[in-house]
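J.: after the sequence you'll find the predicted model.
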Amino acid sequence: MIDQPIVRVSNVMTPSVRTIGGMATVQEAIDMMRDVGVSSLVVERRDRDDEFGLLGIADIAALVIAEGRAPDRVNVYEIMTKPVVSLPLNMDIKYAVRLLMRYRLTRGLVVNEGRTPVGIVTIRDMVLRRHGEPAPNPKRRMEDLVGGTEDKTGK
């Protein structure tokens, strides 16, 4: 067994959380996702005893588009996943992957000690993280493939 350094969920998560209210329409959620470039939104709690929800593109595709429902006539609360599996910031990603895979989930809500959402982490984020090194930056990889902007002659 290879001894690898521990990689924490906080090291691979996307640190920004976009939220939406449960009473918003799915059309509003689609517009927000498009505008900010995300594929999931955290659904806000109604009060402190409530739990967070999560709305993803797949939810919209399966429960609205595929069923021929009008996105402007469906509320987010009708199709969101709730409660959400939440992962602590300091969890080792090997356990986070196990937990998400056990429930066949592709993403989890990252929370701090006070259970406040601080990020989203996906299976993809965690799988691409190897041996404590950051996942490759797709923009940097594209620059490498097309020659980038650096002068390769050393001048």
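T.: In hand now; what should we look at?

J.: return the distance of residue 39 relative to residue 115.
T.: 23 Å (CB to CB, to the nearest Å). Where C-beta positions appear, they are placed from N, C-alpha and C, glycine not excepted.

J.: actually, residue 12.
T.: Note on residue 12: its distance to residue 115, by CB to CB, is 20 Å.

J.: all strands for this structure, in order.
T.: Along the chain, counting by DSSP state E, strands occupy 19-20, 40-43, 53-56, 86-88, 107-111, 117-122.

J.: with distance to residue 67, mean neighbour count and mean pLDDT as added columns, please give these in TSV.
T.: Listed next are the strands of the chain as TSV, based on distance: least, CB to CB, whole Å; neighbours: other CB atoms under 10 Å; pLDDT from 0 to 100:
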stretch	distance to residue 67	mean neighbour count	mean pLDDT
strand 19-20	20	17	98
strand 40-43	20	24	97
strand 53-56	16	24	96
strand 86-88	28	18	97
strand 107-111	22	23	96
strand 117-122	25	21	96
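
J.: tell me how many other residues crowd the nearest residue to residue 30 once chain neighbours are set aside.
T.: Excluding its sequence neighbours, the residue lying closest to residue 30 (CB to CB, 6 or more residues apart in numbering) is residue 71, at 5.9 Å. Residue 71: 15 surrounding residues under other CB atoms under 10 Å.

J.: I'd say residue 71 and residue 31 touch.
T.: No: checked against CB atoms under 8 Å, the pair residue 71 and residue 31 is beyond contact range at 9.4 Å.

J.: show me where this protein dips below the pLDDT cut-off.
T.: For the chain, applying pLDDT under 70 flags the ranges 1-3, 130-155.

J.: which residue, other than its chain neighbours, is closest to the residue nearest the centre of the chain?
T.: In the chain, the residue lying closest to the centroid (CA atoms, centre = their mean) is residue 120, at 3.9 Å. Distances taken as CB to CB, 6+ apart place residue 14 nearest to residue 120, at 5.1 Å, with adjacent residues excluded.
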